[in-house]
Every structure is written in C-alpha cells, then in structure tokens.
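S.K.: I'd like to go over a predicted model; first the sequence, then the structure.
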Amino acid sequence: MGMVNANLSIKYAKAFFNLYGAQLELADFWLIKKAATILAKNRAVLDLFNLHSEVEQLNLNRVFLKYFKLPESFSKLLTMLQKHKRTFLLPDILSEISELCLSYNRQLFFKLTAYPALSEVEIGQVIDYLEKNTNKQILYEYYQDQNLIAGFKMQSRQFLYEDTIKCRLQKIHRKLVRQN
C-alpha cells in the first residue's frame, strides 16, 4: 500500500473512531481484527462493493455486517467508501480501527508463537512480563510454529521479542558472514 493510501486509511479510521469508538467493546475488537485479516488475504472480494445499484450496495453491506458480526455503525463507513470509490482501503481501515480500539482502552495485541507448546502457566508468565513492561493490558493469540525449532516469539505492531534457536542461528550466521 502506498503512502497516500496509508494516510487515507488512517484518516478514515480516526474519523470513524472519533464518532463511534466509545461504543466499541472488546468483542468488537476481535471481530474487526478478523474482518481485516480475512479481507487483506482476499482483496478480490472488495470488488463486490463496487456494484452500481444503491439497493445492491445496501444489501451487500447488510450481508457483510451480518457475516462479520460488526456493529451497525460500520454500514456508514461502508457506504462512504463506496460513494468515494475507496472500498479497496477497507482492510487497512479496519486494521487501524482495531489499533485505535486498543490504544483507547490501554491495551496491546501480541501474537505469541512458540515451539514446543507452552503450558498455561508459561503463557501466563509471558503475559505478566508483557503487562509489567508495557503498563498495558495484553490481548493475544497463541500459535505453535515448528519453524522456530525451539523457543518463543512475542510480536505486536510496536514490539518484538524473540528467543528461539532459529533466531540464535541467524545471529551466529550474520556474525560469521561479517567476519569473512
């Protein structure tokens, strides 16, 4: 995405959040994030929003909101994007709105990846560590990834902490390359 489109997405997201952000709840964050992820992976679906008939557009908007279980306030955003022929920005706008939700509620979202699997106690320790060091409530998704070989990785939009065998091997490789 180009800089102009990124800035437009941020402006749309901020405008939407200024109007409706206080009405969004934690459950809405997860739904918005899911919709943004799915649309980002399937951008061709966004072409459907460029239908010519207003009736078709309204019907599609209703189906979209129902499918993703998004609040009714998102219909106004969809209608505006359709009117301005900018529906291609929707995944990025939704992603920005989800980040604004987090910031508004003093939360951070992390993707936790580990191999072998972490126990519930270990996940709790990781979350406690992140909350202490960020002074924010942590929301997370947990995945297992054999490609890490062993260890874990914690990643948000702002932070990355990785302690894996794969990472250590890459550091050794870079050091050897620099020496030669």
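M.R.: Received the coordinates, thanks.
S.K.: just for the chain, where's the confidence low?
M.R.: In the predicted model of the chain, residues 1 satisfy pLDDT under 70.
S.K.: Go again with 90.
M.R.: Applying pLDDT under 90 to the chain flags residues 1-5, 44-60, 147-149, 163, 165-169, 179-180.
S.K.: a strand runs through Lys153, doesn't it?
M.R.: Yes. Counting by DSSP: H, G, I helix; E, B strand; the rest coil, Lys153 is found in a strand.
S.K.: got the domain boundaries for this structure?
M.R.: Split into domains by automatic domain parsing, the chain comes to 3-104, 107-179.
S.K.: okay, those, which one's buried deepest?
M.R.: Mean neighbour count (mean count of other CB atoms under 10 Å) peaks for domain 3-104 among the domains of the chain, with a mean of 16. Heads up, the C-betas are built off the backbone N, CA and C, glycines and all.
S.K.: what about that domain, start to end distance?
M.R.: Using CA to CA, to the nearest Å, the end-to-end distance of domain 3-104 comes out at 24 Å.
S.K.: Backbone torsions only: list them for the nearest residue to Met154 once chain neighbours are set aside.
M.R.: Excluding the flanking residues, the one nearest Met154 by CB to CB, 6 or more residues apart in numbering is Tyr161, at 4.7 Å. Torsion angles at Tyr161 (phi, psi; degrees, to the nearest 10) stand at phi -130, psi 120.
S.K.: now do Val177
M.R.: phi -60, psi -40.
S.K.: Kindly provide the distance from it to Phe109.
M.R.: Distance, Val177 to Phe109, by CB to CB, to the nearest Å: 34 Å.
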